[in-house]
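Q: Sequence unavailable; structure follows:
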């Protein structure tokens, strides 16, 4: 994968006459304000870190008091990072919508979804670096794991995954690991168009697919496994 994977972003259609008027930032609920601030925060966090300064500047852009913006993130920096990552999830879904992915193989779907995330955060690499440093703190380990799981789950769902058994969990844990490793390469990648990161991603996903193929080949044949029920049935009803 040597070329940037870019996806068209749909443009908004005409607004219906009866469409509700947009809510002014001053009138937003805290949940709405959180969503509105999320894409603005990384632009300031890159320079000021994920703290009061960045939040105050983001709030000023929306013309809302910093004290009210602070209420939208009661958990402080981790809540701000959480909101930004949720924003990345949504942007990924726009850049790589499910209908666009359906005709492709699973490997290509996942590759494109990860690449869409990288395209989304490309201009915020320093904010990402600071965010990952905060999430790496021992007290934030649980939250970091949940955010990694959420990203992997969103990607698998967009890819059309319908697993409900143990594979549901193993797929997401594996993809979360691949994505986390790819981010570490991405943050320090100085190659043109991030070709080193994209090559790394290709290799990791290829390795996962080889493992999944081998696992499928080694999966025991149910007809050859010992079954107590089948054994007792044969004792009662022996084959003629």
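A: Looks like it came in fine. Every value quoted in this text rests on a predicted model; they were computed, and no experiment measured them.
Q: any idea which residue sits dead centre in this protein?
A: Centroid-nearest residue in the chain, with C-alpha atoms, centre = their mean: residue 151, separated by 2.4 Å.
Q: Tell me who's in contact with that one.
A: 85, 88, 89, 117, 176, 179 (C-beta atoms under 8 Å, 6 or more residues apart in numbering). Every C-beta, even on glycine, is put in place using the N, C-alpha and C of the backbone.
Q: Kindly recompute the last result at 7 Å.
A: Shown in contact with residue 151 (C-beta atoms under 7 Å, 6 or more residues apart in numbering): 85, 89, 176, 179.
Q: how deep is the second one tucked in, by neighbour count?
A: Neighbourhood size, residue 89 [other C-beta atoms under 10 Å]: 18.
Q: Quick check, it in contact with residue 153.
A: No - Residue 89 lies out of contact with residue 153 (C-beta atoms under 7 Å); the separation is 9.5 Å.
Q: Mind jotting down where the helices sit in the protein?
A: In the chain, helices defined by DSSP state H lie at 30-37, 41-48, 52-62, 66-71, 77-95, 98-101, 106-121, 125-135, 141-158, 166-187, 195-218, 228-236, listed in chain order.
Q: list the helices and strands the fourth one packs on?
A: Under the contact criterion of 3 or more C-beta pairs under 7 Å, 6 or more residues apart in numbering; DSSP states H and E, the helices and strands touching helix 66-71 comprise helix 30-37, helix 52-62.
Q: Not counting the first one itself, show me its contacts.
A: Translated: helix 30-37. 23, 25, 28, 58, 59, 62, 64, 69, 71, 72, 73, 83.
Q: Okay, angle between it and helix 77-95 too, please.
A: Computed by axes from the mean of the first three to the mean of the last three C-alpha atoms, to 10 degrees, the angle separating helix 30-37 from helix 77-95 equals 70 degrees.
Q: Against residue 47, how distant is residue 150?
A: Here the criterion is C-beta to C-beta, to the nearest Å. By it, residue 150 lies 27 Å from residue 47.
Q: Quick check on the two: which one has the bigger neighbour count.
A: Between residue 150 and residue 47, counted using other C-beta under 10 Å, residue 150 has the larger neighbour count: 16 against 12.
Q: got any ranges where this protein has weak pLDDT?
A: 1-21, 210-240 (pLDDT under 70).
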